[in-house]
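In: Quick one: sequence plus predicted model below, questions after.
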Protein chains: 2
Amino acid sequence: MVSRYKSFVYVEDLSRHIGEQVTLRGWVYDKTAKGKLVFIKLRDGSGTVQCVLFKPNVDEAIAEAAAQLTQESSVEIIGTVRAEERAPGGVELDVQDVRIHQLSANYPITPKEHGVEFLMEHRHLWLRSTRQHAIMRVRAQVVKAIRDFFDGNGFKLQDSPIFTPNACEGTSTLFETDYFDLGKAYLTQSGQLYAEATAMALGRVYTFGPTFRAEKSKTRRHLTEFWMVEPEMAWFDLNDDMDLAEDLVEYIVQHVLATSQRELLALGRDISKLEKVRRPFHRMSYSEAVEWLNANNVKLNRKQADGTEIQVDFPWGEDFGAPQEEALMTQFEKPCIIHRYPSEVKAFYMKRDPEDSRVVLAMDMLAPEGAGEIIGGSQREDDHDALLARLRHEQLPEEAFQWYLDLRKFGSVPHAGFGLGLERTVKWITGAEHIREVIPFPRMIYRIVP
Amino acid sequence: MVSRYKSFVYVEDLSRHIGEQVTLRGWVYDKTAKGKLVFIKLRDGSGTVQCVLFKPNVDEAIAEAAAQLTQESSVEIIGTVRAEERAPGGVELDVQDVRIHQLSANYPITPKEHGVEFLMEHRHLWLRSTRQHAIMRVRAQVVKAIRDFFDGNGFKLQDSPIFTPNACEGTSTLFETDYFDLGKAYLTQSGQLYAEATAMALGRVYTFGPTFRAEKSKTRRHLTEFWMVEPEMAWFDLNDDMDLAEDLVEYIVQHVLATSQRELLALGRDISKLEKVRRPFHRMSYSEAVEWLNANNVKLNRKQADGTEIQVDFPWGEDFGAPQEEALMTQFEKPCIIHRYPSEVKAFYMKRDPEDSRVVLAMDMLAPEGAGEIIGGSQREDDHDALLARLRHEQLPEEAFQWYLDLRKFGSVPHAGFGLGLERTVKWITGAEHIREVIPFPRMIYRIVP
């Protein structure tokens, strides 16, 4: 028994129906008339096809229906599929019938330029436009690539919880909610700590879900709600971690190239730049990066006591900001991993480098073309006493971390992992200007609707 | 260049290394000694293998290391893979070397029976036990089946937001958080309304993420944080929706049967019952279900004014509870879809049945073996004025729904969708007794740690 829904024909499948009569269901993206011809550009979510109505071939009522069609009217069009080499999808439709479902009046988004605020207010409709539609399709492919990569390499998905009981790293950037009689719950900023527990049970795991930061950052790279994938692997060291991160990012980019040529074209993306994203990527230590910055005269602005600014060499020990990262990446066409950061600028759970106690076995991956950091990761501290000392040094509540310390008491093993920001990755791959365009309904400090 | 991490050998791959010397890395699940033999059951997250150490074959130091091993000690074991038909994975390891990484002392979870509260307190360790480990692996396969099904059938993943601006359906079961200068934000209970918007842009979409309910339900079927997959399809009617739901559930169950035989066996699951989950499923209308209940003398307890209870026929118009659903399902070995519920017990956005205005085009899928509801869905109201009347009838804030009403103004089309609860589905398939066992770190009204 074939379900009725399987008898639908979608635009993306039309090339398999050449010479056949089919029924398409969708929305009018554009319409033009020229003498006896009406050209209807129909979109159905899977693609767009030109439907050509030749008036002498149809009843007058049908020609009149076509004449009435407005942008975003919903419609069924019946016609015969014809191969047409010059068309984007390789086909066109010779129209035999037009059945209007709803005529759309005064559709707010027209081909003219709209302001960003207006478009964001109409995000529910803006998603129908070619550019946003293409970005959303690429986003879905990036997620699929990530999941295929991990599922295909022996990893098990293990969802970390969203509600966490303690404000482990300070509450300033956490969203909180009342949780029955148990006090406050906090929305997770990272599933990593829980992934460490599941990695000890399942070996190689990944958690992939929304994460939340109540940061008051108004940049083109910040959302309050964003998706992050975080693999965590027992018995992996920092080198394994970096190898895996390279493999993942190469896989994502090559998967998008293989599946989304049409979308990348619609976005005007320079595909040749993505084609270069092949292993091995570049790698340098934080110390090498500082040396490079200073050798290349990339100065830091520093305020003096009297309010004036002077330019200084980049001091070893400070964290890089966007200007340093951008300067470093001017050298490269492929991503670069910076590793072994000063321990003071990184989180308490990162393992000290046994060869240099000033640094931790951390790594960040920076993407080229100004895209910035897309991955942050590390080998984790697997020694119970060293971790406890770090917790105390950072004045974190020991009690709340008992379960986390347990992982170092009962069969502790070297382990490592990282987090890849989905939206930052999609922004880089699509070339979108602002991160608000790469998630269906972006949440920022000044926007929570629609 | 092969990454070092790719040279790891995992238990699940041992059958490809018969006759070879390999290094395994994992944890001691169990150990017994018998004369000159030591049997070490090693788990590495991918599986469990028996490692056999024959003392005369190894240095004394190695035999001593083996003798020291305790439950959950982390260890590297080097040995030769030998085919062994009687072993669960078809192989055993002849041990040549044992390298202790960390001896585990007083591991809290022993083979003896522990109380549920104790196990929940130690959830981070409990996940290592055979049964929990098997459930987590099945969960990962269920998620993979869901994503493969939709990705393979032309659907695009479109993540709905977690933060929603309005308490659209009353705040009593919503978690809320302060959202900068914009007032309160609420954690989503369902991504459906947003999926309707993305379906109009992309045709067939699904959203799959955590959802939240601040319900004070202490049942074996309720979590405050749970995952739900929600497909939404333009141009689908209720029949298409039910067909798709059947296809999805059949696909999930058959995928688990194909990939997770060992896990289902470890769980003691009666596989023959799952093998019966093949299309077509059963279907009946709500009215037929009420008739069946009354014909089969399934009575409802009703309190009288004087406090006594009497048993009455089930009155048409009330919603079914667990007792009615369980009674109905005693007839069936496969899932059953109940459709066309009274409009008063269902949500405002469901479309009235044009053939019977007392009911809406809703459907719930009940799973057999007492598993209960796993899917709820409907055809949506696609008429602007009818939807507006429903909003007003339910006294919902019109302003907050303007964007949702827009979907009925600009190219409205028939559309339908449903939500499938991940944890309820995993509970059914694994036969787990309580829903807290089917998510790594369950969140319930009385539990938010670890």
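Out: Yes, it's here.

In: ok, residue A:84 - how many residues close by?
Out: 16 (other Cβ atoms under 10 Å in any protein chain shown). The C-beta positions use only the backbone N, C-alpha and C, and glycine is treated the same way.

In: For it, give its distance to residue A:34.
Out: 17 Å (Cβ to Cβ, to the nearest Å).

In: what's the answer for residue A:284, then?
Out: Computed as Cβ to Cβ, the residue A:284 to residue A:34 distance reads 60 Å.

In: shaky segments in the stretch 51-200 of chain A?
Out: A:167-171 (pLDDT under 70).

In: now the helices: where do they sit in it?
Out: Per DSSP state H, counting those that start in this stretch, the stretch 51-200 of chain A carries helices over the ranges A:60-68, A:116-121, A:123-126, A:130-151, A:192-202.

In: Among those, show me which one is buried the most.
Out: Most buried of the helices of the stretch 51-200 of chain A, by mean neighbour count (mean count of other Cβ atoms under 10 Å in any protein chain shown): helix A:192-202, with a mean of 26.

In: could you point out which element follows it?
Out: Using DSSP states H and E, the helix or strand that follows helix A:192-202 in sequence is strand A:204-212.

In: Spell out whether the following helix or strand past that next one and chain B are in contact.
Out: Once the chain leaves strand A:204-212, the next helix or strand it forms, by DSSP H and E, is strand A:225-234. Yes. Contact between strand A:225-234 and chain B is present through A:225, A:227, A:233-234 (criterion: Cβ under 8 Å from any Cβ of the partner chain).

In: ok, strand A:225-234: who's next to it in the sheet?
Out: Sheet pairing here is set by DSSP bridges, and for strand A:225-234 it gives strand A:204-212 (antiparallel), strand A:415-421 (antiparallel).

In: Residue A:344 - how many residues pack around it?
Out: Applying other Cβ under 10 Å, we find 11 residues neighbouring residue A:344.

In: Next: residue A:217.
Out: By the criterion of other Cβ under 10 Å, residue A:217 has 13 neighbours.

In: one step back: format the helices of the stretch 51-200 of chain A as TSV; extra columns: distance to chain B.
Out: As requested, these are exported to TSV (distance: least, Cβ to the nearest Cβ, whole Å):
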stretch	distance to chain B
helix A:60-68	14
helix A:116-121	8
helix A:123-126	4
helix A:130-151	4
helix A:192-202	4
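
In: Residue B:148 is nearest to which of those?
Out: helix A:130-151 (9.0 Å; Cβ to Cβ).

In: Kindly format the C-alpha coordinates of that closest one as PDB.
Out: The C-alpha atoms that make up helix A:130-151 are tabulated as PDB, following Å, rounded to 0.1, in the frame of the first residue of the first chain:
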ATOM      1  CA  THR A 130      15.900  32.400  -1.800                       C
ATOM      2  CA  ARG A 131      18.800  33.400   0.300                       C
ATOM      3  CA  GLN A 132      17.400  32.400   3.700                       C
ATOM      4  CA  HIS A 133      16.000  29.200   2.300                       C
ATOM      5  CA  ALA A 134      19.400  28.300   0.900                       C
ATOM      6  CA  ILE A 135      21.100  29.000   4.300                       C
ATOM      7  CA  MET A 136      18.500  26.800   6.100                       C
ATOM      8  CA  ARG A 137      19.100  23.900   3.700                       C
ATOM      9  CA  VAL A 138      22.900  24.200   4.200                       C
ATOM     10  CA  ARG A 139      22.300  24.300   8.000                       C
ATOM     11  CA  ALA A 140      20.400  21.000   7.800                       C
ATOM     12  CA  GLN A 141      23.200  19.500   5.800                       C
ATOM     13  CA  VAL A 142      25.800  20.600   8.300                       C
ATOM     14  CA  VAL A 143      23.900  18.900  11.100                       C
ATOM     15  CA  LYS A 144      23.500  15.800   9.000                       C
ATOM     16  CA  ALA A 145      27.200  15.700   8.200                       C
ATOM     17  CA  ILE A 146      28.100  16.100  11.900                       C
ATOM     18  CA  ARG A 147      25.700  13.200  13.000                       C
ATOM     19  CA  ASP A 148      26.800  11.000  10.100                       C
ATOM     20  CA  PHE A 149      30.400  11.600  11.000                       C
ATOM     21  CA  PHE A 150      30.000  10.600  14.600                       C
ATOM     22  CA  ASP A 151      27.500   7.800  14.100                       C
END
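
In: Before I go, just wanted to say thanks for your time.
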